[in-house]
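Enquirer: Give me a model of this one.
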Amino acid sequence: MSPRAHDRIAEAGVAELERMRKIRRRLHHEPEVGLDLPVAQKEILANLEGLGLEVSTGESLSSVTAVLRGGAGANAVGADSAPVVLLRADMDALPIVEETGLPYASKNGAMHACGHDLHVAGLIGAARILAARREEIPGTVVFMFQPGEEGLGGGRMMIDEGILDVADRRPVAAFAIHVDGRTPLGRFTTRPGPIMAGVNGMRIRIRGTGGHAAAPHLAIDPVPVSAEVILAIQSFRARRIAAHDPVVISIGRITSDSAAGNVLASQIDLEANVRHFSDAARVLVRDELPQMVRGIAEAHGCEADIEFVPSYPATVNDVTETERAMEWMRSTVGDENVLEMTEPAMASEDFAYVLEQVPGTLVFLGAKPDEVATDDASGMHSATVIFDDEVLGLQAATLAGLAWMRLDEETKRRREGGER
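Expert: The predicted model follows:
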């Protein structure tokens with residue numbers, strides 16, 4: 001990718017800023033939760049119309065897929081061998097009542113508290129930037145607009161519906177940018193290897209007999225047994241799992257079937273959230289933690305029913321692709337604005353499903369308003385988090401630039417290798 005091409009992409013990002021800002025604010029004002037997002041889908045389709053892209057929508061979810069076939073790749077290595085790069089944006093909001101006071105704040109009880117409205121607007125901007133330069137693009141770009149990221153596995157569903165093969169061959173790389181409301185505006189952070197945790201659930205039911213609170217000796221009370229189980233789970237995490245392979249196990253919900261304070265429950269339900277980075281740790285928790293829980297329950301005369309609920313795998317950045325992306329970003333925005341994370345985040349992200357099958361990189365981009373101090377900035381999933389949509393120009397230009405850079409490198413490699 002020539003310096004001049006990069007400059008034109010950066011200029012195009014600035015030129016598209018106002019359009020993207022309007023898109024983002026419309027989406028922010030009318031957020032949708034889950035897999036069925038007709039408002040967002042309509043907005044995306046309207047803004048891709050006329051760009052000459054191959055556009056399709058999902059069958060089981062309101063996703064949008066668009067394919068741009070560049071002219072330079074076909075000319076260099078043949079249309080059947082032109083490389084493919086995938087760019088992804090998630091679309092869904094959260095069931096949070098917004099408290100930002102912004103003039104375009106949501107009023108419908110949902111909120112784009114994770115910045116997905118910016119992700120959609122930024123990817124639309126990247127599509128427009130690249131489409132305007134179609135004949136120069138050295139390959140094919142797939143734009144993936146995905147609902148259901150917040151715990152529903154929309155990324156996996158789009159893979160099942162063929163997103164990775166929509167361009168007739170698999171992508172050589174995949175990129176996604178996620179904004180962050182606590183990082184200074186315009187600063188990129190990422191890391192090779194694990195960047196976000198995998199997450200699973202565990203439902204535990206401890207069954208006793210119930211009885212009168214005045215006569216616990218005549219009943220089998222599951223409450224103290226459940227308390228012992230909760231403490232034992234923390235010991236399991238600390239003593240059964242290697243310290244260099246982090247796992248977090250949190251009990252997020254405890255309920256009983258007791259009808260009153262003087263009635264001993266006959267059963268207690270616990271719901272645990274398990275976060276991990278390695279498959280070995282996930283398997284250890286899945287297979288051995290239930291054995292421990294059953295043993296504790298049986299020792300007290302109770303029974304335990306346990307269900308392990310798989311959710312997202314760990315998000316693992318490809319080392320080579322990430323180092324390549326960081327080098328390119330540093331050349332465009334300076335070393336001081338591209339930082340390598342020292343530790344992965346314990347939150348989860350279903351771009352993990354794409355990265356399980358395609359080498360690629362998830363990058364965080366700071367979107368904290370300059371006037372907000374870091375200590376005062378709210379984090380993602382907060383009712384008061386604010387993202388500065390001034391970041392959209394850089395976001396769109398970076399997505400477009402990463403795709404172009406990677407296609408350019410791959411096309412040159414294939415041409416030099418005689419591939420057609």
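Enquirer: Confidence-wise, which helix or strand of the chain is lowest on average?
Expert: helix 71-77 (a mean of 66; mean pLDDT, DSSP states H and E).
Enquirer: mind listing the strands for the stretch 251-400 of the chain?
Expert: Secondary structure of the stretch 251-400 of the chain (DSSP state E, counting those that start in this stretch): strands at 263-264, 267-276, 303-310, 315-317, 338-340, 360-368.
Enquirer: next one: the third one to chain centre, how far?
Expert: Taking the mean C-alpha point of strand 303-310 and that of its whole chain, the gap between them comes to 26 Å (CA atoms, centre = their mean, to the nearest Å).
Enquirer: pLDDT on it, on average?
Expert: Mean pLDDT, strand 303-310: 95.
Enquirer: packing partners for it?
Expert: On a contact count with 3 or more CB pairs under 8 Å, 6 or more residues apart in numbering; DSSP states H and E, strand 303-310 meets strand 198-207, helix 279-299. For glycine as for every other residue, the C-beta is placed from the backbone atoms N, C-alpha and C.
Enquirer: Please report the distance of residue 392 from residue 310.
Expert: 35 Å (CB to CB, to the nearest Å).
Enquirer: how about stretch 241-260: buried residues?
Expert: The neighbour-count check on stretch 241-260 (16 or more other CB atoms under 10 Å) flags 241, 246, 247, 249, 251, 256, 258 as buried.
Enquirer: Looking at those, which one is closest to residue 20?
Expert: Closest approach between the buried residues of stretch 241-260 and residue 20, by CB to CB: residue 246, at 36.8 Å.
Enquirer: from memory the closest one sits against residue 238, does it?
Expert: No: taking contacts as CB atoms under 8 Å, residue 246 lies outside contact range of residue 238: 11.3 Å.
Enquirer: For the protein, just list every one of the helices.
Expert: With DSSP state H, the ranges of helices along the chain come out as 3-15, 17-29, 38-48, 71-77, 116-131, 154-160, 222-240, 279-299, 319-333, 352-357, 392-416.
Enquirer: Check which helices and strands the shortest one is in contact with.
Expert: When contacts are defined as 3+ CB pairs under 8 Å, 6+ apart, helix 352-357 packs onto helix 154-160, strand 173-184, strand 315-317.
Enquirer: Contacts for the first one, please.
Expert: Looking back up the chat, that one is helix 154-160. By CB atoms under 8 Å, 6 or more residues apart in numbering, the surrounding residues in contact with helix 154-160 are 35, 58, 60-61, 63, 65, 88, 90, 92, 144, 146-149, 350-354, 357.
Enquirer: Same question for stretch 331-348.
Expert: 6, 10, 186-191, 193-199, 246, 248, 275, 277, 311-312, 314-315, 326, 329-330, 364, 380, 394, 398, 401.
Enquirer: List the contacts of residue 19.
Expert: 47, 125, 128.
Enquirer: what about the residue lying closest to residue 289 once chain neighbours are set aside, neighbour count?
Expert: In space, and not counting its chain neighbours, residue 289 is closest to residue 236: 5.8 Å by CB to CB, 6 or more residues apart in numbering. Per other CB atoms under 10 Å, the neighbour tally for residue 236 reads 19.
Enquirer: Distance of residue 236 relative to residue 53?
Expert: 51 Å.
Enquirer: and residue 188, what are its bridge partners?
Expert: According to DSSP bridges, the residues that bridge with residue 188 are residue 338, residue 365.
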